[in-house]
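Trainee: what follows is a predicted structure for the sequence shown.
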Amino acid sequence: MGLVNKVVPDDQLDQEVSAWCDELTKRSPTAIAIAKKSMNADTESIRAIGALGFEALRLYYGTEESAEGGRARAEKRDPDFLKYR
């Protein structure tokens, strides 16, 4: 089954969905579950990577190193990040 299998007019959508559901209920539930997991794996990893990035930013903005960057910019000087290692 592809990502787009058929295009139908709006008034035929419910009938077409019922036909697909009738066909799917004849298939292996385990095979369908594996197919769904495979399709979702890509977007799940993107979501996890995004969450990791936001958490890293949250942790960084709570550090003295981050505060030094903000102070340096406000004072129009180069930051001294080395003193926070």
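Mentor: Nice, I can see it.

Trainee: report the buried residues of the host helix or strand of A67.
Mentor: Using DSSP states H and E, A67 sits within helix 64-74. Neighbour counts over helix 64-74 (16 or more other Cβ atoms under 10 Å) mark 65-66, 68-69 as buried. All C-beta spots, glycine's among them, are computed from the backbone N, C-alpha and C.

Trainee: with distance to R27 and pLDDT added, can I get the residues you listed in CSV?
Mentor: Listed next are the buried residues of helix 64-74 as CSV, based on distance: Cβ to Cβ, whole Å; pLDDT from 0 to 100:
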residue, distance to R27, pLDDT
E65, 55, 88
S66, 53, 89
E68, 59, 91
G69, 56, 91
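
Trainee: okay, now Y84: neighbour count?
Mentor: Here the number of neighbours of Y84 (other Cβ atoms under 10 Å) works out to 13.

Trainee: ok, and what's touching the helix holding A67?
Mentor: With Cβ atoms under 8 Å, 6 or more residues apart in numbering as the test, helix 64-74 has contacts from 60, 78-81, 83-84.

Trainee: tell me what angle the helix or strand bottoming out on mean pLDDT in the chain forms with helix 64-74.
Mentor: Least confident helix or strand of the chain, by mean pLDDT, DSSP states H and E, is helix 29-61 with a mean of 83. With axes from the mean of the first three to the mean of the last three Cα atoms, to 10 degrees as the basis, helix 29-61 and helix 64-74 are set at 60 degrees to each other.

Trainee: the residue nearest to I32 when sequence neighbours are not counted and D80, how far apart?
Mentor: Nearest non-adjacent residue to I32, counting by Cβ to Cβ, 6 or more residues apart in numbering: L24, 6.6 Å away. Taking Cβ to Cβ, to the nearest Å as the measure, L24 and D80 are separated by 62 Å.

Trainee: also R27?
Mentor: For R27, the distance to D80 - Cβ to Cβ - is 64 Å.

Trainee: could I get the contacts of helix 64-74 as JSON lines with distance to V8 and secondary structure?
Mentor: Listed next are the contacts of helix 64-74 as JSON lines, based on distance: Cβ to Cβ, whole Å; DSSP: H, G, I helix; E, B strand; the rest coil:
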{"residue": "Y60", "distance to V8": "50", "secondary structure": "helix"}
{"residue": "D78", "distance to V8": "63", "secondary structure": "coil"}
{"residue": "P79", "distance to V8": "60", "secondary structure": "coil"}
{"residue": "D80", "distance to V8": "65", "secondary structure": "coil"}
{"residue": "F81", "distance to V8": "59", "secondary structure": "helix"}
{"residue": "K83", "distance to V8": "66", "secondary structure": "helix"}
{"residue": "Y84", "distance to V8": "61", "secondary structure": "helix"}
